[in-house]
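In: model the structure of this input:
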Amino acid sequence: DQPRVSLCAGATKDMGKMLGGEEEKDPDAQKKEEERQEALRQQEEERKAKHARMEAEREKVRQQIRDKYGLKKKEEKEAEEKAALEQPCEGSLTRPKKAIPAGCGDEEEEEEESILDTVLKYLPGPLQDMFKK
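Out: Sure, this is the predicted structure:
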């Protein structure tokens, strides 16, 4: 009878754990969990360092290609385009009237006449006479 009692006693103890009863506390459980967390942090740091090294190597190769073919980084291109866009805008808004370059303004009518003269040269004789009148 005694062996049965010990089996039943063990079974009831396990049943109590399954049903949400108090588990036996492992005295080293806290220490083991801290060690596990530290190991995970260390692995994550190593992974990040490895990826940083790989990216640095890739960037070195990219720079060699840029130098070989005379290409620019995406950021450099965007900065130059932005500067190019800002420059004409500032000039057109802030320039004084005296700074209007030759060929702009009043001379447009003369240009149109010269274009009309050029077109007239290529028209047949009778049509040229019609437009000259």
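
In: low-confidence stretches in the protein?
Out: Across the chain, the ranges flagged by pLDDT under 70 are 1-25, 87-113, 131-133.

In: helices of that one, start to end?
Out: 2-18, 29-69, 74-94, 108-122, 125-132 (DSSP state H).

In: not counting stretch 51-71 itself, show me its contacts.
Out: For stretch 51-71, contacts defined as Cβ atoms under 8 Å, 6 or more residues apart in numbering pick out 72-73. All C-beta spots, glycine's among them, are computed from the backbone N, C-alpha and C.

In: what's around residue 128, how many residues?
Out: Residue 128 is flanked by 13 other residues according to other Cβ atoms under 10 Å.

In: measure it to residue 114 for me?
Out: 16 Å (Cβ to Cβ, to the nearest Å).

In: same check on residue 127?
Out: Residue 127 sits 19 Å away from residue 114, going by Cβ to Cβ.

In: how about residue 73?
Out: 46 Å.

In: and for residue 48?
Out: Applying Cβ to Cβ to residue 48 and residue 114 gives a distance of 69 Å.

In: check residue 62 too.
Out: Following Cβ to Cβ, the distance that separates residue 62 from residue 114 is 52 Å.

In: neighbouring contacts of stretch 28-42?
Out: Residues contacting stretch 28-42 (Cβ under 8 Å, 6+ apart): residue 26.

In: make it 7 Å
Out: Residues outside stretch 28-42 that contact it (Cβ atoms under 7 Å, 6 or more residues apart in numbering): none.

In: same check on stretch 72-81?
Out: The contact list for stretch 72-81 (Cβ under 7 Å, 6+ apart) reads residue 66.

In: let's see that with 10 Å instead.
Out: 59, 62-63, 66, 71 (Cβ atoms under 10 Å, 6 or more residues apart in numbering).

In: redo these as TSV? Include distance to residue 28.
Out: Output for the contacts of stretch 72-81, formatted as TSV (distance: Cβ to Cβ, whole Å):
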residue	distance to residue 28
59	46
62	50
63	52
66	56
71	59
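
In: now the buried members of those residues.
Out: Among the contacts of stretch 72-81, none is classed as buried by neighbour count (16 or more other Cβ atoms under 10 Å).
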